[in-house]
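[1] sequence? don't have it. structure:
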């Protein structure tokens, strides 16, 4: 079943890169008592994700925080090393977290998996964005194609 507005997010664990190496980050640590802008891309280093989606959230992270967002986080079904390298290559510093959902378990728990095996990419996550307030989905935008609905600009307009 696909997550929807008003739902409490399922429990899970992401992997993030820290100065001492890969480390787990639980959904409780990420979402508890915080307002989080979470966006998901089908894959790091892919054209739309790299050239439009991620840069949009990077450039608008301050504006999102001015509207009450505590944390901006990017999620993809990629391993932590890929997410870390992608963030560095795109100039991401402390304005957002790069969340690896390496096996796609959290994406599947959200009901937002994307089968792109016909392109040789396996199972990934759909392109979406959500605003999560203390673990509850307040806003959810899923893009069937492109990234207009899940863009940072769209999220800003909804806050």
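    Sure, I can see it. Not measured: the values here are computed from a predicted model.
[2] When you work out contacts or count neighbours from here on, use the C-alpha atoms and nothing else.
    Will do.
[3] Count the neighbours of residue 68 for me.
    13 (other Cα atoms under 10 Å).
[4] OK, contacts around it?
    residue 35 (Cα atoms under 8 Å, 6 or more residues apart in numbering).
[5] Look at it and tell me its secondary structure.
    At residue 68, secondary structure determined by DSSP: H, G, I helix; E, B strand; the rest coil is coil.
[6] quick one: it from residue 133, how far?
    Distance, residue 68 to residue 133, by Cα to Cα, to the nearest Å: 10 Å.
[7] same question, residue 94
    Residue 94 sits 20 Å away from residue 133, going by Cα to Cα.
[8] same check, this time on residue 84
    Taking Cα to Cα, one finds residue 84 at 26 Å from residue 133.
[9] Which helix or strand in the chain has the lowest average pLDDT?
    Least confident helix or strand, the chain: helix 47-48 with a mean of 63, by mean pLDDT, DSSP states H and E.
[10] immediately after it, which helix or strand?
    helix 54-59 (DSSP states H and E).
[11] Which strands and helices lie in contact with that following helix?
    On a contact count with 3 or more Cα pairs under 8 Å, 6 or more residues apart in numbering; DSSP states H and E, helix 54-59 meets helix 152-158.
[12] How far does the helix it packs on sit from its chain's centre?
    Centroid separation for helix 152-158 versus its chain: 15 Å, with Cα atoms, centre = their mean, to the nearest Å.
[13] And for stretch 101-120?
    13 Å.
[14] buried sites along stretch 70-88?
    Residues 70-87 are the ones in stretch 70-88 that count as buried (16 or more other Cα atoms under 10 Å).
[15] Just give me how far the top helix by length along the chain sits from the chain centre.
    Looking across the chain with DSSP state H, the single longest helix is helix 80-89. With Cα atoms, centre = their mean as the basis, helix 80-89 stands 14 Å off its chain's centre.
[16] Can you name the next helix or strand after that helix?
    Taking DSSP H and E, what comes next after helix 80-89 is strand 97-100.
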